[in-house]
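K.L.:
what follows is a predicted structure for the sequence shown.
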Amino acid sequence: MWAALCESSMYEQIDHIYLIRGHTFLPNDRDFALIEKYKRKQEVLLPTDYVRIIEDTRTTQPFKVEVMQSIDMMDFKSLGDQNVKAQMKSVDGEKVKMREVMWFSYGASQDYQLAESGEMEWVTVPHGQQVWCRFTHNTMEPWKKMNFLKRGKAAGGVPTRKHTGPVALKEAKYRDLVAIGRKGLVPEEVKEYYESLPHDGARALQNTNPDDSSDDEYDYADE
């Protein structure tokens, strides 16, 4: 996706740098902490409860929630599988372990090179459909350069929709939710919502028994 954005000239350069777990802090981390703290005092029975909780977390500069539907999700994975090599190697033939990469650079990169003056200096090097990577955050580490596209393929393309409608629940999950409603542990409107959810297995509802053993692992009555 990043390569496609650079190829479209929307961006000249994109650097995707992975943070070090436990050693970094972003402004949104504080936002997540506020939401989590507020959520602990709220009852969550429906997905819409999460929307309300996020919107109500702050009274000043409240968070805005953009509710997405299943059809809004695009299938970038399939597009990548069509165009991108499964195993990456550098242009020198060295195998690159993607899970060890800390820094991907697309479109162009800053490289420390010998200038015409005979001195080393930083220059911006366009590298088209190559991806350059590093295994640390050290700017002095030499780039590994990869041709990541399959032969005859180009970066870009239009992804298809991941889903054409609501995603169906697995039958076991659906049975659990319906059992909660039938035991009277949630309000009637919540029960009706659970029963209306799309699910695998047309007979899941009629086969659900409040005393079914599949619910034994949840001690709802004692909560």
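P.N.:
Perfect, thanks for sending it.
K.L.:
give me the element residue 131 is part of.
P.N.:
strand 120-134 (DSSP states H and E).
K.L.:
partners of that strand, with directions?
P.N.:
Under the criterion DSSP bridges, strand 120-134 sits next to strand 103-114 (antiparallel), strand 144-147 (antiparallel) in its sheet.
K.L.:
identify the residues contacting that strand?
P.N.:
If you take Cβ atoms under 8 Å, 6 or more residues apart in numbering as the criterion, strand 120-134 is touched by 3, 7, 12-13, 91, 96, 101-115, 141, 143-149, 154-155. Heads up, the C-betas are built off the backbone N, CA and C, glycines and all.
K.L.:
give me that answer again for 7 Å
P.N.:
3, 7, 96, 101-115, 141, 143-149, 155 (Cβ atoms under 7 Å, 6 or more residues apart in numbering).
K.L.:
ok, back up a step: need the strands paired with strand 120-134 in a markdown table with distance to residue 82, mean neighbour count and mean pLDDT, can you?
P.N.:
Formatted as a markdown table, the strands paired with strand 120-134 follow (distance: least, Cβ to Cβ, whole Å; neighbours: other Cβ atoms under 10 Å; pLDDT from 0 to 100):
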| stretch | distance to residue 82 | mean neighbour count | mean pLDDT |
| --- | --- | --- | --- |
| strand 103-114 | 18 | 18 | 90 |
| strand 144-147 | 16 | 18 | 92 |
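K.L.:
in this protein, which helix or strand is least confident?
P.N.:
helix 2-7 (a mean of 78; mean pLDDT, DSSP states H and E).
K.L.:
what mean pLDDT does stretch 38-57 have?
P.N.:
For stretch 38-57, mean pLDDT is 96.
K.L.:
buried set for it?
P.N.:
Judged by neighbour count using 16 or more other Cβ atoms under 10 Å, the buried positions of stretch 38-57 are 53-54, 57.
K.L.:
also stretch 187-198?
P.N.:
190-191, 193-195.
K.L.:
now render those residues as JSON lines, adding pLDDT and distance to residue 28.
P.N.:
Shown next, in JSON lines, are the buried residues of stretch 187-198 (pLDDT from 0 to 100; distance: Cβ to Cβ, whole Å):
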{"residue": "190", "pLDDT": "95", "distance to residue 28": "30"}
{"residue": "191", "pLDDT": "95", "distance to residue 28": "35"}
{"residue": "193", "pLDDT": "95", "distance to residue 28": "30"}
{"residue": "194", "pLDDT": "94", "distance to residue 28": "32"}
{"residue": "195", "pLDDT": "94", "distance to residue 28": "36"}
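K.L.:
for those residues, work out which two are farthest apart.
P.N.:
190 and 195 (9.8 Å; Cβ to Cβ).
K.L.:
what's the overlap in contacts for the two?
P.N.:
By Cβ under 7 Å, 6+ apart, the residues touching both residue 190 and residue 195 are residue 181.
K.L.:
contacting residues for residue 94?
P.N.:
By Cβ under 7 Å, 6+ apart, residue 94 lies in contact with nothing.
K.L.:
show only the entries of the buried residues of stretch 187-198 found in helices.
P.N.:
In helices, defined here by DSSP state H, the members of the buried residues of stretch 187-198 are 190-191, 193-195.
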